[in-house]
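> Quick one: sequence and predicted model below, then my questions.
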Amino acid sequence: MKRLMALAVALAFVLAFAPQADAQDSPMRLGLKGGAVTSSVGGDYYAVGDWKWGGIAGVVGEYHVARQTYVGLEAYWVQKGGKRVGFSEGSTQDLNVDYIQVPLTIGYVNRWGDWESSLYIGISISFQISCKLQPTGSSSSTDCEETIVPSKKTTDWSIPFGFAFMRNLGGSLLGLDIRYDWGLSDIFENTNVRNRSWQFALKWAVPMGG
């Protein structure tokens, strides 16, 4: 997480001093995003738990192939999992899983004045960097590999889809991105336990070139 934040700060300085173009004319945008995530796990192997809150922070890039169409690539740290998951009968544990997620999306853009909105869908791969279980109501946690749950999977595929609003501030754009991330892969081997999350992020981007 510290390395990702350092990268985000460095990128912010680069964007601040990089050659910029008008948002309406430049095909390329680079930026930052950060916000909150609410997530749970779904499936039929374990009792489904409750939703939990976490964070999200990372970098974004967009290439506008036409005035109303763009392709996006992102990389960010995100927290997923769920609260009060019934891994064994009679007890529940909170599942906390951290990923580096890399979504590739395609979107449709509608512009009016200094505002624009977009709808998008894509495919995403996440690389697990941490997996911990915490007994409900306890402050102590244990790595998933040291518990009785099946072996964790190091990658997670999902389909992100959502919408965003951005305002042109002159040299940059600022807005809100809301998406649902529909898990396609099992979190653990030979189970049907999958992530599902809502992501709410502020997004700041700078048009590049020109």
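Okay, I see it.

> Now do the helices in this protein.
For the chain, applying DSSP state H gives helices covering 2-17.

> all strands of it, in order?
Along the chain, counting by DSSP state E, strands occupy 28-42, 52-66, 69-88, 91-112, 115-135, 142-143, 155-168, 173-183, 194-208.

> I'd like to know which of those has the weakest mean confidence.
Of all those, strand 142-143 carries the lowest average pLDDT, namely a mean of 85.

> Show me what it is packed against.
For strand 142-143, the elements it packs on are strand 115-135, judged by 3 or more C-beta pairs under 8 Å, 6 or more residues apart in numbering; DSSP states H and E. C-beta here means a position set from N, CA and C on the backbone, and glycine is covered the same way.

> buried sites along the strand it packs on?
Neighbour counts over strand 115-135 (16 or more other C-beta atoms under 10 Å) mark 116, 118, 120, 122, 124, 125, 126, 128, 131, 132, 133, 134 as buried.

> Max pairwise distance over the residues you listed: which two?
Comparing all pairs in the buried residues of strand 115-135 by C-beta to C-beta, the longest separation belongs to 116 and 133, at 42.5 Å.

> tell me the centre residue of the chain?
residue 78 (5.4 Å; C-alpha atoms, centre = their mean).

> what residues are up against that residue?
For residue 78, the contact set (C-beta atoms under 8 Å, 6 or more residues apart in numbering) comprises 37, 54, 55, 56, 58, 98, 99, 100, 101, 126, 197, 199.

> hey, what's it bridged with?
For residue 78, the beta-bridge assignment (DSSP bridges) gives partners residue 56, residue 99.

> Over to residue 119?
Bridge pairing for residue 119 - DSSP bridges - gives residue 108, residue 163.

> Backbone dihedrals for residue 172, both of them.
The phi and psi torsions at residue 172 (degrees, to the nearest 10) take the values phi -150, psi 180.

> Not counting sequence-adjacent ones, nearest residue to it?
residue 206 (4.9 Å; C-beta to C-beta, 6 or more residues apart in numbering).

> Thought residue 29 was touching the one you found, still the case?
Yes. Between residue 206 and residue 29 a contact is recorded at 6.6 Å, counting by C-beta atoms under 8 Å.

> Need the residues touching each of these two.
Here residue 206 and residue 29 share the contacting residues residue 173, scored by C-beta under 8 Å, 6+ apart.

> what sits against the residue lying closest to residue 36 once chain neighbours are set aside?
Leaving out its chain neighbours, the residue that sits closest to residue 36 by C-beta to C-beta, 6+ apart is residue 200, at 5.2 Å. Taking C-beta under 8 Å, 6+ apart, we find residue 200 in contact with 35, 36, 37, 176, 177, 178.

> give me that answer again for 6 Å
Residues near residue 200 by C-beta atoms under 6 Å, 6 or more residues apart in numbering: 35, 36, 178.
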